[in-house]
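Trainee: from the sequence below, what's the structure:
(chains A and B)
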Amino acid sequence: MGKPEETDPLIPHPNPVSKPPNGTEWPTPGVPSPPTDGQALLTSILTKTAQNIIDVSAADSVVMEQHEIMDKARQYSTKLAMLSTSLPQKKALTLPSLTSQPHQVLASDLVPYSDVQQVSKIAAYAYSAISQIKVDAKEELVVQFAIP
Amino acid sequence: TAALTAGLERIPDQVGYLVISEDGVLAQSAGELENDEHTAGVMMQMVRTACRFRLSGSTDAPFKRMSILEDFVYVVTISGQKVFVVKRQNNQHEPVNV
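Mentor: Down below sits the predicted model:
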């Protein structure tokens, strides 16, 4: 059995009219090989589609007894608990603590204007430098090899 | 939390503050930032981004306080899984030559 996928049913269907793996078709007894004429071809496509589509509105509502529902719920929880330990945990979005004295840090003197000016100037220089980066094409990328 | 906000109230020339929990929920707010969830959201994004910077050779976040300067200054820090934002008057201006 391969690695469980997201779409695999948690609990195998008790009465499997099982689908073949990889989506190939079971050979359906009584249905001849694909008909060649247009109308029959259309009919066969419609038949196959009807077999593959589940019409939820048309299905009779399933009457399940209370204990059956509880049993199923318990089965699902157990199965889910087994799987959740093997799934990778979501990375924690924890913020680092920058200080143990937030009031002091927030109340401290503001950044001096001269510092702000200097940083702005440096950032402007950096921006200008980056915008001047360009490719200097020297040779052809594609060359012909001469076979002697 | 009373101790938290009392300290923030006393910050010189503050006109408002926010206390935001780790998951982005606005825990406290006052003054010009009262109920300002939009600003809280923006601040959270900015501070999370800033926390990802590293100075070479260091594993810690490279700053204690983040300042956003406009007519006012927003000073931001993180302590004990809470983000603090205080809006203060900006007393740093271009010097006037007389």
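Trainee: can you give me the strands for chain A?
Mentor: With DSSP state E as the criterion, chain A has no strands.
Trainee: which residues of it lie near chain B?
Mentor: Among all residues of chain A, those adjacent to chain B (criterion: C-beta under 8 Å from any C-beta of the partner chain) are A:93-103, A:105-108, A:110-113, A:116. Bear in mind the C-beta positions are built from the backbone N, C-alpha and C, glycine included.
Trainee: does the lowest-mean-pLDDT helix or strand in chain B reach chain A?
Mentor: Confidence across the helices and strands of chain B bottoms out at helix B:2-9, with a mean of 85, counting by mean pLDDT, DSSP states H and E. Yes: taking C-beta under 8 Å from any C-beta as the criterion, helix B:2-9 and chain A are in contact, through B:Gly7, B:Leu8.
Trainee: one step back: pull out the buried residues from the residues of chain A next to chain B.
Mentor: If you count burial by 16 or more other C-beta atoms under 10 Å in any protein chain shown, the buried members of the residues of chain A next to chain B come out as A:Leu95, A:Leu98, A:Thr99, A:Pro102, A:His103, A:Val105, A:Leu106, A:Ala107, A:Leu110, A:Val111.
Trainee: what's the burial count for B:Lys64?
Mentor: Residues lying near B:Lys64 (other C-beta atoms under 10 Å in any protein chain shown) number 16.
Trainee: after the least confident helix or strand of chain B, next one along is what?
Mentor: The first helix or strand that comes after helix B:2-9 along the chain, using DSSP states H and E, is strand B:14-21.
Trainee: list the buried residues of the least confident helix or strand of chain B.
Mentor: The neighbour-count criterion (16+ other C-beta under 10 Å) identifies B:Leu4, B:Gly7, B:Leu8 as the buried residues of helix B:2-9.
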